[in-house]
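Visitor: With the input below, show me the fold.
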Amino acid sequence: MTQPLRPVSTVDALADALRRRVLSGEIEPGTPLPEKEIAAAYGVARPTVREALAALVHEGLLKRERNRSAHVPEVTISDLDDLMYVRRPLEDLMARALTGRRVPAAQAALERMDGLPEDAPWSDIVAEHMTLHQALIEAVGSPRLERLYAALAAETRLGLVRLREVYEDREVLVGEHRALLDAIADGRPEVARAAVAAHLDHSWGRETAH
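Guide: Down below sits the predicted model:
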C-alpha cells in the first residue's frame, strides 16, 4: 500500500542540507556556522536557520555555546577509541543474540550501500552504515540495548566522517559489512563475536595500518 508523502518544511530541507555537508566532511570540526551567513547562502529567513541548527544540535551533530555560533564538535582519536570501548560490549551482546540469523533490514541497508552511485556523497554511505548497525541492534529486541546504542549515535556518525579517509574504495567497506553479516548468520557464536570485535577495530585514519 502506498504511504502518503510527508510535506518537507523549509526547516527540514535546510537541516537535511546542512546534515549532509557535516556528514560528508565538507563542514570541518570547529567551523562556525553564523545564522546570517547561512540565511544568505540558502535564501531563507534567520528564524528558519535557527530552527534547523537547533535540530542538528539536538541530534548531536552540532554544538552551540553561549554567545557563539553553532559548530561541528571536534571528535578526537581518543574520543573515538573510547567510543569503540563502549560499543564493543553492546555489539557483542548483539552478536550473541543474533547468531545464526539473517536480519533483512540490515541486509537491505547493505545492498543500498552497495548500489549507491560512485559519486554518491559520503553522507549517503554514513546513512546506510548507521541503518545497517541500527537494524542489527533492533533485531535483538531489547529496548534498553537500543537506548544505550542510540546514545552513541551522534559520535558514531561524526566518527564515520573520518573513515572516508580509510575507505576511499567503497567496495572494501561493503565487503567488510557483507562478511560481518555472513559471520553473524554462520551459526557459531565464537565466529559472530570475533567478527564484530574485528569490525570495530578501526584505525580511524591513523597513519598505522588498519
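Visitor: need the helix or strand of the protein with the lowest average pLDDT.
Guide: For the chain, using mean pLDDT, DSSP states H and E, the weakest element among its helices and strands is helix 153-162, scoring a mean of 86.
Visitor: What residues sit buried inside that one?
Guide: Neighbour-count burial for helix 153-162 flags 154-162 (criterion: 16 or more other Cβ atoms under 10 Å). Where you see a C-beta, it was placed from the backbone N, CA and C, and this is true even at glycine.
Visitor: okay, which residue is most central for the protein?
Guide: Nearest to the mean C-alpha position of the chain, by Cα atoms, centre = their mean, lies Arg157 at 3.2 Å.
Visitor: where exactly do the helices run in this protein?
Guide: With helices called from DSSP state H, the chain shows them at 10-23, 35-42, 46-59, 77-98, 104-115, 122-140, 143-150, 153-162, 170-185, 189-199.
Visitor: Now do the buried residues in the first one.
Guide: Neighbour counts using 16+ other Cβ under 10 Å place 11, 14-15, 18-23 of helix 10-23 among the buried residues.
Visitor: before we move on, what about the last one?
Guide: Buried residues in helix 189-199, counted by 16+ other Cβ under 10 Å: 191-193, 195-196, 199.
Visitor: One more: the fourth one?
Guide: The neighbour-count check on helix 77-98 (16+ other Cβ under 10 Å) flags 80, 83-84, 87-88, 90-91, 93-95, 97-98 as buried.
Visitor: List the residues that contact Ile184.
Guide: Taking Cβ atoms under 8 Å, 6 or more residues apart in numbering, we find Ile184 in contact with 95, 98-99, 101, 103, 136, 192, 195-196.
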